[in-house]
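Q: from the sequence below, what's the structure:
(one chain, ligands or ions: 1)
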Amino acid sequence: MARTRIPTPHGPAFLHLYHNNRDSKEHMAIVVDPAQFQGPPNPDSPPHIRSKTLDAVWSDNETEMDRITRGAYVGRLSADSQHASNPIHAHTHWTGINDLIPSPLIRIHSECFTGETVGSMRCDCGEQLDEAIRLISQPIPVPSQSPLDPPKEIPGRGAVVYMRQEGRGIGLLSKIRAYNLQDLGHDTVTANLMLGHQADERGYEIAVAILRDLGLGSKDELGEGVRVLTNNPDKVKALEDEGLRVVERVPMIPRSWRSRNAMLAVPALPADRQSPKDDRIPGATLIGGNAVYGEDLDKYLRTKVLRMGHMLPLWLEDPEQ
Ligand SMILES: Nc1nc2c(ncn2[C@@H]2O[C@H](COP(=O)(O)OP(=O)(O)OP(=O)(O)O)[C@@H](O)[C@H]2O)c(=O)[nH]1
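A: Presented below is the predicted three-dimensional model:
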């Protein structure tokens, strides 16, 4: 594996690139943990999110420069600061107010060339990737331990695991064929099935192995269960089945659905159809409708809710009804 620093619009992060022995792809983790840029861990703050394989010594003849080049350095690498990590100290356990701060926030993101690179409006994948990094980077309020202490904040911490599972695992070629079937009127689930695929062919073994390498969600780590950003209950179950310790599901609301304009565009709903806080909504119209989201994205999101059981806290209205 290798790691490097990447500045993002939401703050600094580390990009980790992983090889694996299950497939031929390179999967990634974008680690948000700004405290790491300030130097080695200290026992009074949450542990740094560090890769165990990165910090390990790889061979007897590995030089300091080899370790630095592959990313095993602490703090921010610069011409004045060039020290490889000391694997013994890289995973200092935190002795502090462990139970007062929320567990790290993570998202498993699946590759989407069309949505992320081309900016296709058939899905919201590009927005979701950016939004996930933004949400993970949000400062976390820490309750004060005595009435005399002012409330504090610590930097947001967590990771996006970027899995090379294009088209929910069916690959780009099949996804493009599925798009054409969608243009004939089929939804994303039916289009997959017509091509001989399952609705969702993704697996999470590698994603959980990456998180384990980062010390996140492992049952053997001190207090580091994870909060998972997703609306997909099957994803949460699949992650738990692979051994991830999930302490909370955090909804991943499409950004535009929350915007003021979207809310203003909501037609008045009868009292018996008020939006519940966080549950699957059978039946019904995309708040804001095509004017805000576009027809293709509208259909994509509706199918996620109505056919794949995604938990979006918004009313959907079926135009056919
Ligand atoms: N087969 C197929 N895949 C699609 C289509 N549109 C987007 N995708 C893929 O769907 C995946 C994105 O799904 P996610 O946004 O992670 O959705 P999810 O994991 O089911 O649920 P959330 O975690 O709630 O977002 C990516 O791999 C996209 O390439 C489509 O029309 N057909």
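Q: could you use CA atoms for every contact and neighbour count after this?
A: Noted.
Q: so what's residue 294 up against?
A: residue 121 (Cα atoms under 8 Å, 6 or more residues apart in numbering).
Q: tell me the pLDDT of it.
A: You'll see residue 294 listed with a pLDDT of 74.
Q: any idea how far it is from residue 228?
A: Distance of residue 294 to residue 228, computed by Cα to Cα, to the nearest Å: 28 Å.
Q: give the contact list for the closest residue to residue 138 other than its chain neighbours.
A: The shortest distance from residue 138 to any residue other than its chain neighbours is 4.9 Å, reached at residue 156 (Cα to Cα, 6 or more residues apart in numbering). Contact analysis of residue 156 by Cα under 8 Å, 6+ apart lists 32-34, 104, 136-140.
Q: secondary structure element for residue 156?
A: Under the criterion DSSP states H and E, no helix or strand holds residue 156.
Q: filter the contacts of residue 156 to the buried ones?
A: Buried by 16 or more other Cα atoms under 10 Å: 32-34, 104, 136-138, out of the contacts of residue 156.
Q: just checking, which of these belong to strands?
A: If you go by DSSP state E, the buried ones among the contacts of residue 156 have residue 32 in strands.
Q: quick one on the thing from earlier: just the contacts of residue 156 now: which is nearest the ligand?
A: The ligand lies nearest to residue 136 out of the contacts of residue 156, by Cα to the nearest ligand atom, at 14.3 Å.
Q: tell me the pLDDT at that closest one?
A: 97.
Q: residue 129 versus that one, what's the distance?
A: 11 Å.
Q: how much space between residue 44 and residue 58?
A: Residue 44 is 30 Å from residue 58, by Cα to Cα.
Q: how about residue 199?
A: Distance from residue 199 to residue 58, by Cα to Cα: 40 Å.
Q: contact partners for the nearest residue to residue 57 once chain neighbours are set aside?
A: Residue nearest to residue 57 in three dimensions, not counting chain neighbours: residue 87, with 7.3 Å by Cα to Cα, 6+ apart. Residues in contact with residue 87 (Cα under 8 Å, 6+ apart) are 55-57.
Q: equivalent analysis for residue 56, please.
A: So residue 56 contacts residue 87 (Cα under 8 Å, 6+ apart).
Q: which pLDDT value goes with it?
A: pLDDT, residue 56: 93.
Q: shaky segments in the stretch 201-321 of the chain?
A: 220-223, 256-293, 313-321 (pLDDT under 70).
Q: how about the nearest residue to residue 161 once chain neighbours are set aside, phi and psi?
A: Leaving aside its sequence neighbours, residue 161 sits nearest to residue 29 (Cα to Cα, 6+ apart; 4.3 Å). Note on residue 29: backbone dihedrals following degrees, to the nearest 10 are phi -130, psi 130.
Q: how many other residues sit next to residue 29?
A: Residues lying near residue 29 (other Cα atoms under 10 Å) number 27.
Q: next one: residue 147
A: 8.
Q: name the element it belongs to?
A: Per DSSP H and E: nothing holds residue 147, as it lies in no helix or strand.
Q: any idea how far residue 153 is from it?
A: Counting by Cα to Cα, the gap from residue 147 to residue 153 is 16 Å.
Q: again, but for residue 224
A: 19 Å.
Q: out of the two, which sits in the busier spot?
A: Neighbour totals were compared for residue 224 and residue 153, and residue 224 leads with 21 against 14 (other Cα under 10 Å).
Q: contacts only, for the more buried one.
A: Contacts of residue 224 by Cα under 8 Å, 6+ apart are 103-104, 215-218.
Q: residue 102 too?
A: Each residue near residue 102 by Cα under 8 Å, 6+ apart is listed here: residue 140.
Q: how about residue 181?
A: Residue 181 touches residue 191, counting by Cα under 8 Å, 6+ apart.
Q: ramachandran angles for it?
A: phi -70, psi -30.
Q: next one: residue 238
A: The phi/psi pair for residue 238 (degrees, to the nearest 10) is phi -60, psi -40.
Q: tell me the spacing between the closest residue to it other than its chain neighbours and residue 161.
A: The shortest distance from residue 238 to any non-neighbouring residue, by Cα to Cα, 6+ apart, is to residue 204 (6.6 Å). Distance, residue 204 to residue 161, by Cα to Cα: 10 Å.
Q: so which of these two has more stuff around it?
A: Using other Cα under 10 Å, the more surrounded residue of residue 204 and residue 161 is residue 161, with 23 against 18.
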